[in-house]
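*Asks:* no sequence for this one, just the structure:
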C-alpha cells in the first residue's frame, strides 16, 4: 500500500491536485497554480509531458484507471468545498465524462454545423476574437451582449483551462468546446456569474450534456444559496430544465459566425424558452 501511495503521489496526474492544497487561505482555495511552491514542479512536469510519446495532444496527460479514480475523488471534494474552483470542476469533468462526451461528439457528427465545427476546430480565445468589434456591434446582437457579459463580470475566455485528462483527441476537443461556450450559455440564458447564475446554467447544461460535473453542480450548488436566492431558483430551475430539454444540442452552433445575429433570434433557433420574470 505504501508503495502505491508513493507512486500516486509522484505521478503526473496527481501533481495537478497537489499544488492546490498548500494554497488554502481564509477558508477558500486559491486557484492560482503559479504559487511559488508549485512553479518549479509545474515547469519540470510540462517538459516531461512534451516528451511523453503516449500524449495524444499538446496538453494531454496520460493517466491510468487508478489515477483517474483518485483525480475524480479529489477534484469532486475540492469542487464541492469551493464551487468557484473552476480548475477542479474541469478535472472532474474530464475524468468522469467519457460516456457523455462520446454522445455529444456523435450528435455533432450527425449535424452539418456540428460536423463543420469538429472539422475546423475553432477556439474561443482572446487571440481569436476581435473584442473591440464585438463591443461596437448594435445592442441586442449576440456579439455585443457576449462582450458586455465579459466586461460586466470581469472575465475573459482565457480563464478556461485546457483539457488534459481526456484520452481521445477528438473527445478532448469536444470537452474544450463545451468549456469555451459556457460563457456563451450565460449570455443566452441571461445569467450572471454569481452562484445563482452558475446553478441555473448548470441545470441547463446537465440536461443538455449529461456530464457528471454539470449534474453535480446542479444538485449541490443550491446548498450555497440563501433563502432569497433559493426562491428565485425555484422559478429559474424549471425554466432551465425545460429549455435544456427543448433546445437543440448547443455544441452544434458555430457561434463565431453568429455574432451579428440577435440574441432573441438565436435563442429561438436553439430552442431556449423566454426567461421568466423574477421579482426583485
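*Replies:* Great, that's in hand. Every value quoted in this text rests on a predicted model; they were computed, and no experiment measured them.
*Asks:* Please tell me I have it right and residue 63 contacts residue 165.
*Replies:* Yes - under the criterion of Cβ atoms under 8 Å, residue 63 lies in contact with residue 165, with a separation of 5.8 Å. (C-beta placed from N, C-alpha, C; glycine too.)
*Asks:* out of these two, which sits in the more crowded spot?
*Replies:* Legend: neighbour count by other Cβ atoms under 10 Å for residue 63 and residue 165, higher for residue 165 (27 against 21).
*Asks:* how much space between the nearest residue to that one once chain neighbours are set aside and residue 176?
*Replies:* Closest residue to residue 165 in three dimensions, ignoring its sequence neighbours and counting by Cβ to Cβ, 6 or more residues apart in numbering: residue 94, at 4.1 Å. Taking Cβ to Cβ, to the nearest Å as the measure, residue 94 and residue 176 are separated by 10 Å.
*Asks:* shared neighbours of those two, anything?
*Replies:* A shared contact of residue 94 and residue 176, defined by Cβ atoms under 8 Å, 6 or more residues apart in numbering, is any residue touching both; here these are residue 163.
*Asks:* what about residue 180, which helix or strand?
*Replies:* Secondary-structure assignment from DSSP states H and E places residue 180 in helix 169-189.
*Asks:* avg pLDDT for that helix?
*Replies:* The pLDDT scores in helix 169-189 average 96.
*Asks:* chain center to it: distance?
*Replies:* Between the centre of helix 169-189 and the centre of its host chain there is 6 Å, according to Cα atoms, centre = their mean, to the nearest Å.
*Asks:* tell me what it is packed against?
*Replies:* When contacts are defined as 3 or more Cβ pairs under 8 Å, 6 or more residues apart in numbering; DSSP states H and E, helix 169-189 packs onto helix 86-96, helix 98-110, helix 112-120, helix 142-153, helix 195-209, helix 263-270.
*Asks:* Please convert the ones you listed to a markdown table, extending it with mean pLDDT, mean neighbour count and distance to residue 242.
*Replies:* Formatted as a markdown table, the helices and strands packed on helix 169-189 follow (pLDDT from 0 to 100; neighbours: other Cβ atoms under 10 Å; distance: least, Cβ to Cβ, whole Å):
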| stretch | mean pLDDT | mean neighbour count | distance to residue 242 |
| --- | --- | --- | --- |
| helix 86-96 | 82 | 24 | 24 |
| helix 98-110 | 97 | 17 | 20 |
| helix 112-120 | 98 | 14 | 23 |
| helix 142-153 | 96 | 19 | 22 |
| helix 195-209 | 94 | 23 | 9 |
| helix 263-270 | 98 | 16 | 13 |
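*Asks:* Tabulate those helices in TSV, adding columns for distance to residue 237.
*Replies:* Shown next, in TSV, are the helices and strands packed on helix 169-189 (distance: least, Cβ to Cβ, whole Å):
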stretch	distance to residue 237
helix 86-96	19
helix 98-110	20
helix 112-120	27
helix 142-153	21
helix 195-209	5
helix 263-270	18
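*Asks:* which ones are touching residue 261?
*Replies:* Going by Cβ under 8 Å, 6+ apart, residue 261 touches 141-142.
*Asks:* Angles on the backbone of it, please.
*Replies:* When quoted as degrees, to the nearest 10, the phi and psi of residue 261 stand at phi -80, psi 150.
*Asks:* what's the answer for residue 130, then?
*Replies:* Geometry field for residue 130 lists phi and psi as phi -100, psi 90, criterion degrees, to the nearest 10.
*Asks:* and it, how far is that from residue 195?
*Replies:* According to Cβ to Cβ, residue 130 stands 32 Å off from residue 195.
*Asks:* can you check residue 106 too?
*Replies:* If you measure residue 106 against residue 195 using Cβ to Cβ, the figure is 33 Å.
*Asks:* Do I have it right that residue 95 meets residue 73?
*Replies:* No - counting by Cβ under 8 Å, residue 73 is not a contact partner of residue 95; they are 9.3 Å apart.
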